[in-house]
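Asks: please find the sequence and the predicted model below.
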Amino acid sequence: MGRVARGSLAVSLMLGIILLSGCDAAPAQIETGETVLPSVRSETVRLSQAETRYRFPGTVRASERATLAFLHHGVLRERHVARGQRVERGEPLATLHNPAMAPALVAAEARISELDARLRRMERDVERARVLRERNLSAEEELDRLRSEREATVQAREQALAQRDEARAQLDELTLRAPFAGVVTDLEAEPGDFLAAGQPVLGLVGLTGREVEIRVPAGLAARLEVGQEASLVATLGARRFPGRVTDIGQAGEGMAPVILAIDADPGPALGEPVRVQLSLDAPPLLQVPLAAVVDPGGYDPHVLMLSADDTVQRIAVTPGRLDGGWVAIAASSLAAGDRVVTAGQGRLEEGNRVRVLP
């Protein structure tokens, strides 16, 4: 019995030593082990290279348009066309009656006839005086006087011819003619109406050539160029037509007018509504994945940038336009090529070191 008791005591002492040794070893492993770093994923900040597309509404109109009027006042004697009628260039459209025009032409022609008769008589007088002078039967002063009168008559005839041509032109202006081939669109006056000079009589649009006028902001107009290509989409039917900028106006106090020619045959119908699409190179902007922006719609949007040793740095940003999962940002201390955290931001603080997953 004594031997058995002494053996049990020895075994108990050995187990106690082993247990104590095990308890001392555990803290030593924790102190000497490596710290586990948070794992994150990242993307590189880039510069945008995409185009920006702008769309504006417009209505198709003819490239050639005219509102025709007489240069003189009078009564509309006759209108030779109807609304919707097709006319050729030079074709008479309307006639004005002005009682003062025809007598002026008659008086000018009568004046020319009178001066022609006087000039023939003076030619004979000059020739007779010249012969008498050669025979020394008249004075030199008489011949000079007749020649001067003849020259004055020639000048008076030239003036009369100019007055006759002016009277003829004014009489011809009493007939309104088509300046180009087109279609009559509007009738502004009826036969028998008194018309002031410059008062509209009818409207005319050309048969060929289509264009669209749009209004754009002044900043955008300054970036456009004459000849720049554009795309036009018909609102009804979704047909697409090529176009190009032909004229850029000044904005002034409002929007700048821009005219685009439609390079298509057949093109859209007159009066058809279209959407004009202009594509311009967008200025380079910093872009990051949308997942990299913390609190993008709140009061404190920011990203977590990684330094060269994978230390987190908090950068405040201003989010902008979203394009294909990437958002344009404005940030004072961020540049293209910097790395930003896109996953794992929730448990990070500024100054933390992280492990970047591939």
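Replies: That came through, no problem.
Asks: low-confidence ranges, the stretch 1-150 of the chain, go.
Replies: Scanning the stretch 1-150 of the chain for pLDDT under 70 picks out 1-34, 50.
Asks: can you give me the helices for the stretch 251-358 of the chain?
Replies: Taking DSSP state H, counting those that start in this stretch, the stretch 251-358 of the chain contains no helices at all.
Asks: the stretch 51-200 of the chain too?
Replies: Using DSSP H, counting those that start in this stretch, helices in the stretch 51-200 of the chain cover 101-134, 140-172.
Asks: my guess is residue 157 meets residue 117, correct?
Replies: No - Residue 157 lies out of contact with residue 117 (C-beta atoms under 8 Å); the separation is 10.6 Å. The way it works is simple: take the backbone N, C-alpha and C, and place the C-beta from them, glycine included.
Asks: which of these two has more residues huddled nearby?
Replies: residue 157 (17 against 10; other C-beta atoms under 10 Å).
Asks: OK, contacts around the closest residue to the more buried one other than its chain neighbours?
Replies: Distances taken as C-beta to C-beta, 6 or more residues apart in numbering put residue 115 closest to residue 157, at 4.2 Å, once the chain neighbours are dropped. By C-beta atoms under 8 Å, 6 or more residues apart in numbering, the contact list for residue 115 reads 153, 156, 157, 160.
Asks: contacting residues for the last one?
Replies: Think residue 160. Residue 160 neighbours (C-beta under 8 Å, 6+ apart): 108, 111, 112, 115.
Asks: 10 Å instead?
Replies: Residues counted as contacts of residue 160 (C-beta atoms under 10 Å, 6 or more residues apart in numbering) are 107, 108, 109, 110, 111, 112, 113, 114, 115, 116.
Asks: turn those into TSV, columns for distance to residue 200.
Replies: Putting these into TSV (distance: C-beta to C-beta, whole Å) gives the following:
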residue	distance to residue 200
107	32
108	31
109	33
110	36
111	36
112	37
113	40
114	41
115	41
116	43
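Asks: are any of the residues you listed buried, and if so which?
Replies: Among the contacts of residue 160, those classed as buried by neighbour count (16 or more other C-beta atoms under 10 Å) are 108, 109, 111, 112, 115.
Asks: which of the residues you listed lies closest to residue 291?
Replies: Checking the buried ones among the contacts of residue 160 against residue 291 with C-beta to C-beta, the nearest one is residue 108 at 89.1 Å.
Asks: next, count neighbours for the residue nearest to the closest one when sequence neighbours are not counted.
Replies: Spatial nearest neighbour of residue 108, chain neighbours left out: residue 164 (3.7 Å); criterion: C-beta to C-beta, 6+ apart. Look at residue 164: counted by other C-beta under 10 Å, it has 19 neighbours.
Asks: quick one, what contacts residue 164?
Replies: With C-beta under 10 Å, 6+ apart, residue 164 has these contacts: 104, 105, 106, 107, 108, 109, 110, 111, 112.
Asks: the second one and residue 43: what is the separation?
Replies: Translated: residue 105. 87 Å (C-beta to C-beta, to the nearest Å).
Asks: now the strands for the stretch 251-358 of the chain?
Replies: 256-262, 273-281, 286-289, 302-306, 312-316, 318-323, 326-330, 339-343, 355-356 (DSSP state E, counting those that start in this stretch).
Asks: what about residue 202, distance to residue 178?
Replies: To residue 178, residue 202 is 10 Å away according to C-beta to C-beta.
Asks: also residue 219?
Replies: To residue 178, residue 219 is 41 Å away according to C-beta to C-beta.
Asks: neighbour count winner among these two?
Replies: Neighbour totals were compared for residue 219 and residue 178, and residue 178 leads with 20 against 9 (other C-beta under 10 Å).
Asks: let's have the buried ones among the contacts of residue 160 in TSV, adding distance to residue 328.
Replies: Formatted as TSV, the buried ones among the contacts of residue 160 follow (distance: C-beta to C-beta, whole Å):
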residue	distance to residue 328
108	76
109	79
111	80
112	80
115	83
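Asks: looking at those, which is nearest residue 227?
Replies: residue 108 (50.8 Å).
Asks: isn't the closest one right next to residue 167, touching?
Replies: Yes - judged on C-beta atoms under 10 Å, residue 108 makes contact with residue 167 at a distance of 4.9 Å.
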